[in-house]
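1. Need coordinates for the below:
(one chain, ligands or ions: 2)
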Amino acid sequence: MAANDVDVLATTHTCAPAALSLARGLVVNNGAAGLPNFAGQHFGLTVRVAAAPHPDALFGAERDGLHVEAVPVRYDRDAYLAWFDGLWPAASPAAVSYRSRIVDGADDRLEDALLGGFRRGPSARTDAPPRRSRATKDDVELALAGLVYFEDVVDDSSCLHTAGEPSTIQVNVTARCNLACAHCHVESGPHRTEAADRAVLEAVLAVAARPGIDTVDVTGGAPELHPDFAWFVERASGVARVMVRTNLVILRDPAYRPLMDLYARLGVEVVASLPNVHDAQAEQQRGGGTFDPSIEVLRELNARGYGRDGEHVLDLVFNPQWPVLPPDQAELEAVYRRRLAALGVSFDHLFAVANNPIGRYGAHLIDTGAFDGYLNLLIDSFNQQACDGMMCRRQLSVGWDGRVYDCDFNQALGLPVRREDGGDRTVFDYAADPALPLARPIRFRNHCYACTAGSGSSCGGTIVRG
Ligand code: SF4
Ligand code: SF4
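-> Ligands and ions are numbered 1, 2, ... in the order given. So this is what the prediction gives:
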């Protein structure tokens, strides 16, 4: 700055405010003018350079009679949100990147931006307390440990092993997702980039062609976002029944809409997440502006025969918003059917699944002080009868990097199937040796109580019925 005779360097549009007073001059960046910049605040910031201080400044410094300040750009948040939602659909990059910041504020604290020499101004007094930092994956694992060990409460020791050779191969093709749901146990979101390469997908197809495998279950993230997704689904349909787990919203995007025609042509089973039939509750879990697009996609699937003609199967998935067990599946299905019929939507089955207290959901439970209560509920509700139907007993779950797991919960926790020599088993091992058994002992931890609480919970919903 000295070399260029600059007294004040004021910059904008890097989205994170910063201010520093140097011996020779002042450096200040406003962050975002049209978005909140700090926790608990709902206004943007701009930099003002003037001869007199501003009564509403958030922070500032004075140098040689010049006042350099960040001042709030206040706006009507509700009107802004309505305008934003009209402009940017739920799955659009802008909505994914910015909507939660408009609604909740940013994570940063004001002191993070004040790097030296700037002081808090009058409007900093109304600064809300910073948001609590999120619990980490380690915190979740620690919270799960040291309770009543799951294996010790299972009466039938045969349930600790697969029921012979599994009939389903599940593959998590990508951790990337267009949404970032509060209940997501795999912590998917637009920021994730992990994806299976062709070698992994080819190996999955080789294993899927084994005589004992009848189903390929494709999941993610949003599996549709994988660049080879359509190719993989087409190939997998040649060797087994294929089911795809979708968040629906992604299929509103014109780039992914043609996949509905592909599904219909191949007879792919669609398992669609719809955590609530009431828009406000559904959007609390999945983000604003996600409910109406989901309903529109369901109507489009119906128009292709899904949930209507008995051939194109459309199943929906409910999971509770709160740390409670899911309600009775049959009763809830009746509610879904009634409510969705009023919206012009039909479906085949509803799966009511319990939230597993790991990943983003586990961290949220810790942050809100609800983790222990929920885990105790799962333990207290342990149902011996659900053990036989635990999904790990009849499936193999393949991660994006080819490692193999008992289920996608174990995948999220980093608990791969072990080889005899202690190394991680991969799908390449099975593809290379068709005689290598898929049957195996299962790796349990205390998150497994989520599968056996009450009526039990699996990818196909309630385990103990009737
Ligand atoms: S729960 Fe499903 S839709 Fe939501 S972020 Fe996770 S993978 Fe995506
Ligand atoms: S969490 Fe996985 S390993 Fe544990 S019981 Fe459920 S399906 Fe089986």
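
2. going forward, measure contacts between C-alpha atoms and count neighbours the same way
-> OK.

3. Relative to residue 107, how far out is residue 364?
-> 15 Å (CA to CA, to the nearest Å).

4. between those two, who's got more neighbours?
-> Neighbour count, other CA atoms under 10 Å: between residue 364 and residue 107, residue 364 has more, with 20 against 17.

5. Strands along the stretch 351-466 of the chain, start to end?
-> Counting by DSSP state E, counting those that start in this stretch, the stretch 351-466 of the chain has strands at residues 395-398, 404-405.

6. Mind putting these into CSV with mean neighbour count?
-> Listed next are the strands of the stretch 351-466 of the chain as CSV, based on neighbours: other CA atoms under 10 Å:
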stretch, mean neighbour count
strand 395-398, 27
strand 404-405, 28
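
7. is it possible to export these to TSV including distance to residue 178 and mean pLDDT?
-> What follows is these, written out as TSV (distance: least, CA to CA, whole Å; pLDDT from 0 to 100):
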stretch	distance to residue 178	mean pLDDT
strand 395-398	21	98
strand 404-405	25	98
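
8. which one of the ones you listed lies closest to ligand 1?
-> strand 395-398 (15.3 Å; CA to the nearest ligand atom).

9. and that closest one, what other elements does it pack with?
-> If you count contacts as 3 or more CA pairs under 8 Å, 6 or more residues apart in numbering; DSSP states H and E, strand 395-398 packs onto strand 168-174, strand 404-405.

10. coming back round to it: ok, which of the strands of the stretch 351-466 of the chain comes nearest residue 205?
-> Across those, residue 205 has its closest neighbour in strand 395-398 (11.4 Å, CA to CA).

11. Just the pLDDT for residue 125.
-> You'll see residue 125 listed with a pLDDT of 54.

12. Number of residues surrounding the one residue in the stretch 301-450 of the chain that gets nearest to ligand 2?
-> The stretch 301-450 of the chain approaches ligand 2 most closely through residue 448 (3.7 Å), counting by CA to the nearest ligand atom. Residues contacting residue 448 under the criterion other CA under 10 Å number 23.

13. Name the nearest residue to it, ignoring sequence neighbours.
-> residue 150 (6.8 Å; CA to CA, 6 or more residues apart in numbering).

14. which stretches of the protein have low pLDDT?
-> For the chain, the stretches with pLDDT under 70 are 14, 40, 125-133, 146-148.

15. domains for it, by residue range?
-> Domain ranges of the chain: 8-126, 140-462, per automatic domain parsing.

16. most neighbours per residue, which of those?
-> Ranked by mean neighbour count, these are led by domain 140-462 with a mean of 20 (mean count of other CA atoms under 10 Å).

17. May I have the distance across that one, first residue to last?
-> Note: domain 140-462 ends 25 Å apart using CA to CA.

18. and what of stretch 103-119?
-> Taking CA to CA, stretch 103-119 runs 27 Å from one end to the other.

19. For that stretch, what is the distance to the chain centroid?
-> From the chain centre to the centre of stretch 103-119 is a distance of 27 Å (CA atoms, centre = their mean, to the nearest Å).

20. Identify the residues contacting residue 140.
-> Neighbouring residues of residue 140 by CA atoms under 8 Å, 6 or more residues apart in numbering: 357-359, 362-363, 366.

21. Quick check: which element contains it?
-> Assigned by DSSP states H and E, residue 140 belongs to helix 137-144.

22. close enough to count as contact, residue 9 and residue 28?
-> Yes - here residue 9 reaches residue 28: they are 6.3 Å apart, a contact under CA atoms under 8 Å.

23. Overlap of the contact sets of the two?
-> Common contacts of residue 9 and residue 28 (CA under 8 Å, 6+ apart): none found.

24. what's near enough to touch residue 352?
-> Applying CA under 8 Å, 6+ apart, one finds that residue 352 lies in contact with 317-319, 326-329, 332, 457, 461-462.

25. partners of it in the sheet?
-> Listed beta-bridge partners, residue 352: residue 318 (assigned using DSSP bridges).

26. Show me which residues of this protein are close to ligand 1?
-> Residues of the chain lying close to ligand 1 by CA under 6 Å from any ligand atom are 177, 179-181, 184, 188-189, 220-222, 247.

27. out of those, which one sits closest to ligand 2?
-> residue 184 (14.4 Å).

28. any idea how far the closest one is from residue 101?
-> As defined by CA to CA, residue 184 lies at a distance of 19 Å from residue 101.

29. Could you do residue 41 as well?
-> According to CA to CA, residue 41 stands 10 Å off from residue 101.
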